[in-house]
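# Whatever this is, show me its structure:
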Amino acid sequence: MSLIQFIKSKTFLKQLLFAVVGLVVFAFVVMKWLNISTNHDQKIEVPSLEKMSLSEVEKTLEELDLKLVVIDSASYNPEYPKKSVIDQDPEAGDFVKENRKIYLTLNPSGYRSIEVPNVLGKTKRQVTSQLRAIGFRIDSKYIYVSDIAKDVVRGLLFDGKTLKAGDEIPKNSVITLKLGDGNGSGRYSQSSDKN
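Predicted structure coming up:
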């Protein structure tokens, strides 16, 4: 039997028909299985978790069959409660499927501590710029001490206590500058200071 006669035979046409029907049925079964296993039609709207505590977030996400992952804590933001959510991914309003992980960034419990640099003998302008650059605030009221140099930093105060280079205080703290008044006959000595 030649190849052309075999292709025209009923046996070949039956086998070809079975193969096509089998392929269609297989494709249909695979598509149905994918829809079921990937929850294709399922949509869960991600709630806004901003400013919620971790326990509130856990309860909310558990009710929606979502999981949480804390990825980081940001710089302290006083507008948010301590240990509350500052940022989330996916964002509120996005649609996800069940068991999706929601990544959270939390607000720390306070400002991190920063080391006070050695600024004695520098000008008010230099020190103000340097301290602001690393995250401190400068009190608008200065304390002037008798010193030959005018507006040269002779000390730093935080909460009424004298600071030394290397001391650590919270970021965003207000520091008061002790400045020379330019009227003294010598250099200011911190040992004579009673603060």
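# Secondary structure element for Leu156, which one?
Taking DSSP states H and E as the criterion, Leu156 maps to strand 150-158.
# Beyond that strand, next helix or strand please.
Moving toward the C-terminus from strand 150-158, the next element (DSSP H and E) is strand 161-163.
# hang on, the earlier thing: the strand holding Leu156 - contacts with which helices or strands?
Packed against strand 150-158 by the contact rule (3 or more Cβ pairs under 8 Å, 6 or more residues apart in numbering; DSSP states H and E) you find helix 124-133, strand 143-145, strand 161-163, strand 174-181. To be clear about C-beta, it is placed using only N, CA and C from the backbone, and glycine gets the same treatment.
# Run me through the strand neighbours of the last one, direction for each.
The pairing partners recorded for strand 174-181 under DSSP bridges are strand 137-138 (parallel), strand 143-145 (parallel), strand 150-158 (antiparallel).
# quick one: which of the ones you listed is nearest Asp94?
Comparison of the strands paired with strand 174-181 against Asp94 by Cβ to Cβ identifies strand 137-138 as nearest, at 37.7 Å.
# Export the helices and strands packed on strand 150-158 to TSV and append columns for mean neighbour count, distance to Glu58 and mean pLDDT.
Putting the helices and strands packed on strand 150-158 into TSV (neighbours: other Cβ atoms under 10 Å; distance: least, Cβ to Cβ, whole Å; pLDDT from 0 to 100) gives the following:
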stretch	mean neighbour count	distance to Glu58	mean pLDDT
helix 124-133	14	39	95
strand 143-145	17	49	92
strand 161-163	14	41	93
strand 174-181	20	37	94
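# quick check: longest helix of the chain.
Determined from DSSP state H, the single longest helix within the chain is helix 10-37.
# Going toward the C-terminus from it, what's the next helix or strand?
Counting by DSSP H and E, what follows helix 10-37 is strand 44-45.
# Which secondary structure elements does the helix or strand following that next one sit against?
As assigned by DSSP H and E, the chain's next helix or strand after strand 44-45 is helix 54-63. On a contact count with 3+ Cβ pairs under 8 Å, 6+ apart, helix 54-63 meets strand 67-73, strand 101-106.
# Sticking with Asp147, tell me its helix or strand.
In the assignment (DSSP H and E), Asp147 maps to no helix and no strand.
# thinking it is in contact with Gly184, fair?
Yes - between Asp147 and Gly184 there is a contact under Cβ atoms under 8 Å: 4.5 Å.
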